[in-house]
Every structure is written in C-alpha cells, then in structure tokens.
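1. Okay, here's the prediction I keep looking at, along with the sequence it came from:
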Amino acid sequence: MTEADRTYMHLMIFKIMSSTKGRVSVKQIHKAIEPNMGISIRSLQRYLNGLVTWGLVAKDGETPQGFTLTETAKLLFLDLAKGIEH
C-alpha cells in the first residue's frame, strides 16, 4: 500500500466516523471501505489503533470494540473547514 493509499484510508475512516452518530465498529468501517480499498479487518484494526495513538480516535472498551472521534479530531476538522471558507 502506498503512502497515498494510507492517506486515503485515513480520510475514508474519518468520513465514515464523522457521518455516523455515536460509536462505529471495525466491521461497519470495513463494510464501507473494503470494496474500494481491499483491506482486511485486521489491517483496519491496525490503522484504527494508530489513530488512537495519535489521539484522533478513542476506543469505547465495549465488545465488539467501538470507536469514536476525539474532540481533538473534531476541532481539527472544524479548523480545516473554516480554512476552506476563507
């Protein structure tokens, strides 16, 4: 997978998470992006854990594991959107 593919993957994860109310599961994200990306569930879990490490996504501790965007990520996207407006 190229760096561009990884960047696109992260953007797709953020898009799905921001358009879903509440928690989102790995399977929900996988179902939405797999036809385009050809990624395994395990690889997707690794990407999500990386986003957790960066402080952009939070785990909810439930089974199955769910994820939500952090306030840091929400503020980042808000700042990006405001930049487009100017």
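-> Everything's here; your move.
2. Show the contacting residues for Gly61.
-> Listed by C-beta atoms under 8 Å, 6 or more residues apart in numbering, Gly61 has no contact partners. Bear in mind the C-beta positions are built from the backbone N, C-alpha and C, glycine included.
3. One more: Leu76?
-> Leu76 neighbours (C-beta under 8 Å, 6+ apart): Leu56.
4. Can you give me the pLDDT of the most centrally placed residue in the chain?
-> By C-alpha atoms, centre = their mean, the chain has its centre lying nearest to Ile13, at 3.0 Å. pLDDT for Ile13: 91.
5. Just give the closest residue to it, not the sequence neighbours.
-> Ile29 (6.0 Å; C-beta to C-beta, 6 or more residues apart in numbering).
6. Return the alpha-carbon coordinates of the helix or strand encompassing that neighbour using PDB.
-> Take DSSP states H and E as the rule and Ile29 turns out to sit in helix 26-37. Output in PDB follows, covering the C-alpha atoms of helix 26-37 (Å, rounded to 0.1, in the frame of the first residue of the first chain):
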ATOM      1  CA  VAL A  26     -14.500  -2.000  12.800                       C
ATOM      2  CA  LYS A  27     -17.000  -4.100  10.800                       C
ATOM      3  CA  GLN A  28     -19.000  -1.000  10.000                       C
ATOM      4  CA  ILE A  29     -16.000   0.800   8.700                       C
ATOM      5  CA  HIS A  30     -14.700  -2.300   6.900                       C
ATOM      6  CA  LYS A  31     -18.100  -2.800   5.100                       C
ATOM      7  CA  ALA A  32     -18.000   0.800   3.900                       C
ATOM      8  CA  ILE A  33     -14.400   0.900   2.600                       C
ATOM      9  CA  GLU A  34     -13.400  -2.600   1.700                       C
ATOM     10  CA  PRO A  35     -14.900  -2.700  -1.800                       C
ATOM     11  CA  ASN A  36     -12.700   0.300  -2.700                       C
ATOM     12  CA  MET A  37      -9.600  -0.500  -0.600                       C
END
